[in-house]
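> the sequence and its predicted three-dimensional model are supplied below.
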Amino acid sequence: MSGQLRFAIKKPLYFAAVFSASLAVTVLLFAGGIIHYWDTILYDQCINHRVLSGGSPRNPLVVTVDLNDESIEQLGETLDTRRAFADILEVFAESGAASVFDFLFQHEKQHDPSFVENVQWAGDVVIAALAVEKQMVNQPYRPLTETERSSLAAHVWNIKVLEKGKVPQAGSFLLSFPALAETAAQIGHINMEPDSDGIYRRTPLLYEWEGGYIPSLALAAAVVRLGIPASAIELKAGSYLALPLSPEDVIRIPIDEQGYMRIPYTAAWKNDTGRIPFHRVTAALDDDADFAEMVNYFRGRICLVAEISTSQKDFGPASFERLYPLSGIHVEVLSGILDGFAKKAFIGSSSLLFKILTLLLLACIACVGMSAKRDTLYHGAFLCAFAGYSCITLLRWQQSAIAPWCAFPVTFLFLLWLSEFLVRLFVRYHEQALFRSALSRYFPHALAERITREGKTELVPAYKELTILFSDISGFTKWSSDKSPEQVHGFLSDYLESMADILFAHGGTVDKFMGDGILSFFGDPFEMPNHCEQCVQAAIAMQEKARQLAEKWKPIAGIDLKVRIGINIGKVIVGNLGNKTRIEYTVIGAAVNLAQRMESSAPEGGILVTAAVRERVGDKFAFPERKDVAVKGYAQPVEAYLVH
């Protein structure tokens, strides 16, 4: 039964059912956000290690100029009049540096003419804009004037769209004053939103507006610096945004369907040494030596100017830092694009093909593991699959910055393992229940439990000395010939159960019931030094019980119950014997045949034992009469004794 059950559960239909159920549960966990949550935790740990270990340095061409509290205090009114912004652009222009301003200059100020003039002189200047998404246009934002629409239209990218995806659409923008917007080399949006847990992990690269696209501040700065025409840029939402430097050299930025890229963090704010205070740059205009040093420092670089004062709210949490300036996200994105050909410039995602192949491979490994009969091989297959995929995931992150896609396949693999594990437990419990049930027919309950507990279940055939007992009811065939099946069954069940209890009580093993006959032996499966003595005591107890049963059943069934018992001791083969289709735990050998001959030669209600039995038990029992028994195969009669 157990073999058939194990065969049945290994059929392809079983595996298909387990596969489908495990996949369905995994999909439900994914739909509930649990899978994404687990992957996010692992992703954050990878980012933290990347940042805190300093394994991915930022591109040295990118410099951050901070308008911090000290700069605001020292520059004072020159910030309000924008004289300070005009001054800083003078330094950038002299050094040939590109400049990116993370500011909205919405209202015109006193020194705006100088500011605009220096923007025109500097050339590669990118200024910020704030996109108002279409679903928010009914909020209190003023509509664009015709002048603003015209200046904004000059900065719209008409790119090649291979897959439009779900790139967010802008209904309006908050822009800087028109003269500045018209003079700037490019306008870039500064929109970014954290994930649902408040942590900044992604940032949008594009906003769609009136058939074209407005890039993010960092993307705009990179394209301006690299000199890439907007018409050559390709958008394939859900896959990449391609920036072709030449037909052969193309920077591909991994993006999702919304055009968001993962922020390629490289440094914590507190450890960022590439930041310069705003006032230190403008102060260089008053000293020729400092000016020359500053010009030399900024030469050929990209300078991102942003306010990080305590009065601003341009901070948000990253996985590695509670307060992180959002201007730092522009810096990280810009740095990643400039390092576009480096292996770990961007953080990619696993492709759909990779995910499908991974699930199929893990399913195949699981199938092999589930087919293994040995538990060590079964557990080993799943453990190797888990460890192997974990190593692949970490290697892909270390070598190519591929974000971990681990929770889904590992959960799926775990559910496959758990399903098979529970089935194996059930099968094992079922087999043990059947085995215990079978053992209880042959052994005392305590002995059966010991066999199961000690794992002595194979019962390999062995050649050893045992004491063999045969018993038979005298005249049973004649008595049962005219009795009803119910009457015969009732009596025989009572008799055999009573005899078996006595045999078990003395440590005997019931080999088989042969109608009214019983074959039992003592001394296996566990060693019993006094097995011969126990067997004789059991035979005496059986005769006493038979006399009690005779008084009970005589008036009920009219049977004159008398039992013959024969006992012999000798070397026999004992163990599981048979073939693939039928096997039983039994004894064979000449000593068994002689015990049966003793039973057939015993008087009604008597016990006949061989001389070997009498010699073994010594004077522990009374042997009042000797009887010589003719046995087939023996030249001389066999010496036997009745037991009193």
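Arrived safely.
> nearest spatial neighbour of Ser176, skipping sequence neighbours?
If the residues on either side of it in the chain are set aside, Ser176 comes closest to Phe105, at 4.0 Å by Cβ to Cβ, 6 or more residues apart in numbering. Every residue, glycine included, has its C-beta placed from N, CA and C.
> neighbours of the one you found, how many?
Residues lying near Phe105 (other Cβ atoms under 10 Å) number 20.
> and it, what is it in contact with?
Arg82, Phe85, Asp112, Phe115, Ile127, Ser176, Phe177, Leu180 (Cβ atoms under 8 Å, 6 or more residues apart in numbering).
> which secondary structure state does the nearest residue to Gly558 once chain neighbours are set aside sit in?
Distances taken as Cβ to Cβ, 6+ apart place Trp479 nearest to Gly558, at 7.6 Å, with adjacent residues excluded. When classified by DSSP: H, G, I helix; E, B strand; the rest coil, Trp479 comes out as helix.
> ok, now which ones touch Trp479?
Ala557, Gly558, Ile559, Asp560.
> can we see that at 10 Å?
Shown in contact with Trp479 (Cβ atoms under 10 Å, 6 or more residues apart in numbering): Ile473, Val488, Phe491, Asp516, Ala557, Gly558, Ile559, Asp560, Leu561.
> test for you: state the pLDDT assigned to the first one.
Yep, that's Ile473 we're talking about. Confidence at Ile473, expressed as pLDDT, is 94.
> what's the following helix or strand after whichever strand or helix holds Val161?
Assigned by DSSP states H and E, Val161 belongs to strand 160-163. Per DSSP H and E, strand 160-163 leads on to strand 170-174 as the next helix or strand towards the C-terminus.
> for that following strand, packing partners?
With contacts taken as 3 or more Cβ pairs under 10 Å, 6 or more residues apart in numbering; DSSP states H and E, strand 170-174 sits against strand 125-133, helix 146-153, strand 186-189, strand 206-209, strand 212-215.
> redo that, cut-off 8 Å
strand 125-133, strand 206-209 (3 or more Cβ pairs under 8 Å, 6 or more residues apart in numbering; DSSP states H and E).
> what average pLDDT does the last one get?
Meaning strand 206-209. When pLDDT is averaged along strand 206-209, the result is 95.
> if any of the contacts of Phe105 are buried, give me the PyMOL selection for them.
Only the buried entries of the contacts of Phe105 go into this PyMOL selection, using 16 or more other Cβ atoms under 10 Å:
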select buried, resi 82+85+112+115+127+176+177+180
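> in CSV: the contacts of Phe105, plus distance to Lys545.
Formatted as CSV, the contacts of Phe105 follow (distance: Cβ to Cβ, whole Å):
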residue, distance to Lys545
Arg82, 116
Phe85, 113
Asp112, 119
Phe115, 117
Ile127, 108
Ser176, 110
Phe177, 115
Leu180, 114
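> so who does Tyr260 touch?
The contact partners of Tyr260, taken as Cβ under 8 Å, 6+ apart, are Arg202, Thr203, Pro204, Leu205.
> and it, bridged to which residues?
Judged by DSSP bridges, the bridge partners of Tyr260 are Pro204.
> report pLDDT for Arg453.
So, for Arg453, pLDDT stands at 57.
> actually Ala446, sorry about that
Ala446 is assigned 48 on the pLDDT scale.
> repeat for Arg322
With respect to pLDDT, Arg322 has a value of 89.
> swap in Pro525?
On pLDDT, Pro525 comes in at 81.
> start at 202, not 1
All right, first residue 202 from here; so that's Pro726.
> doesn't Ala608 make contact with Trp239?
Yes - taking Cβ atoms under 8 Å as the definition, Trp239 is a contact partner of Ala608 at 3.7 Å.
> more crowded one of those two?
Remark: of Trp239 and Ala608, Ala608 carries more neighbours, 21 against 18, as counted by other Cβ under 10 Å.
> show me what contacts that one?
Contact partners of Ala608, counting by Cβ under 8 Å, 6+ apart, are Ile236, His237, Trp239, Asp240, Leu243.
> and the third one, what does it touch?
What that stands for is Trp239. Cys607, Ala608, Thr612.
> the second one and His237, how far apart?
Counting by Cβ to Cβ, to the nearest Å, the separation of Ala608 from His237 is 8 Å.
> what about the nearest residue to Trp410 once chain neighbours are set aside, distance to Phe622?
Residue nearest to Trp410 in three dimensions, not counting chain neighbours: Ala371, with 4.6 Å by Cβ to Cβ, 6+ apart. Distance, Ala371 to Phe622, by Cβ to Cβ: 53 Å.
> neighbour count for those two, which is higher?
It is Ala371, of Ala371 and Phe622, that has more neighbours when counted by other Cβ under 10 Å, with 23 against 15.
> quick one on the thing from earlier: now distance to Ala217 too, for the helices and strands packed on strand 371-375, in JSON lines please.
What follows is the helices and strands packed on strand 371-375, written out as JSON lines (distance: least, Cβ to Cβ, whole Å):
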{"stretch": "strand 326-334", "distance to Ala217": "46"}
{"stretch": "strand 407-410", "distance to Ala217": "44"}
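> starting at the chain centroid, how far to the helix or strand hosting Arg815?
Arg815 belongs to helix 812-818 when assigned by DSSP H and E. Helix 812-818 has its C-alpha centroid displaced from the chain centroid by 66 Å (Cα atoms, centre = their mean, to the nearest Å).
> return it as PDB; C-alpha atoms alone will do.
Extracted C-alpha coordinates of helix 812-818, given in PDB (Å, rounded to 0.1, in the frame of the first residue of the first chain):
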ATOM      1  CA  ALA A 812      14.900 -33.400  24.000                       C
ATOM      2  CA  ALA A 813      16.700 -30.200  23.000                       C
ATOM      3  CA  VAL A 814      14.000 -28.100  24.600                       C
ATOM      4  CA  ARG A 815      14.100 -30.200  27.800                       C
ATOM      5  CA  GLU A 816      17.900 -29.900  27.900                       C
ATOM      6  CA  ARG A 817      17.800 -26.100  27.500                       C
ATOM      7  CA  VAL A 818      15.200 -25.400  30.300                       C
END
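> which residues touch whatever helix or strand comes next after that helix?
Of the helices and strands lying after helix 812-818 in sequence (DSSP H and E), the nearest is strand 826-830. With Cβ under 8 Å, 6+ apart as the test, strand 826-830 has contacts from Arg798, Met799, Ser802, Leu809, Pro838, Val839, Glu840, Ala841, Tyr842, Leu843.
> what comes up buried for the helix or strand that comes right after strand 826-830?
On the C-terminal side of strand 826-830, the nearest following helix or strand under DSSP H and E is strand 839-843. The neighbour-count check on strand 839-843 (16+ other Cβ under 10 Å) flags Val839, Ala841, Tyr842, Leu843 as buried.
> and strand 839-843, what does it pack against?
helix 791-802, strand 808-811, helix 812-818, strand 826-830.
> highest average neighbour count across those?
strand 808-811 (a mean of 27; mean count of other Cβ atoms under 10 Å).
> list of residues touching it?
737, 740-741, 744, 765-770, 795-796, 799-800, 802-803, 824, 828, 830, 839-844.
> now that strand: average pLDDT?
In this model, strand 808-811 has a mean pLDDT of 95.
> stretch 586-593 now?
For stretch 586-593, mean pLDDT rounds to 93.
> please, where are all the helices along the stretch 602-751 of the chain?
Per DSSP state H, counting those that start in this stretch, the stretch 602-751 of the chain carries helices over the ranges 608-643, 646-654, 677-681, 686-706, 732-758.
> if I pick Leu280, what's in contact with it?
Taking Cβ under 8 Å, 6+ apart, we find Leu280 in contact with Leu268, Ile273, Phe286.
> run the last query once more with 10 Å
Neighbouring residues of Leu280 by Cβ under 10 Å, 6+ apart: Leu268, Ser272, Ile273, Phe286, Lys310, Phe479, His480, Thr483, Glu508.
> is it fair to say His250 lies in a helix?
Yes - under three-state DSSP, His250 falls within a helix.
> distance of it from Arg502?
Separation of His250 from Arg502 (Cβ to Cβ): 28 Å.
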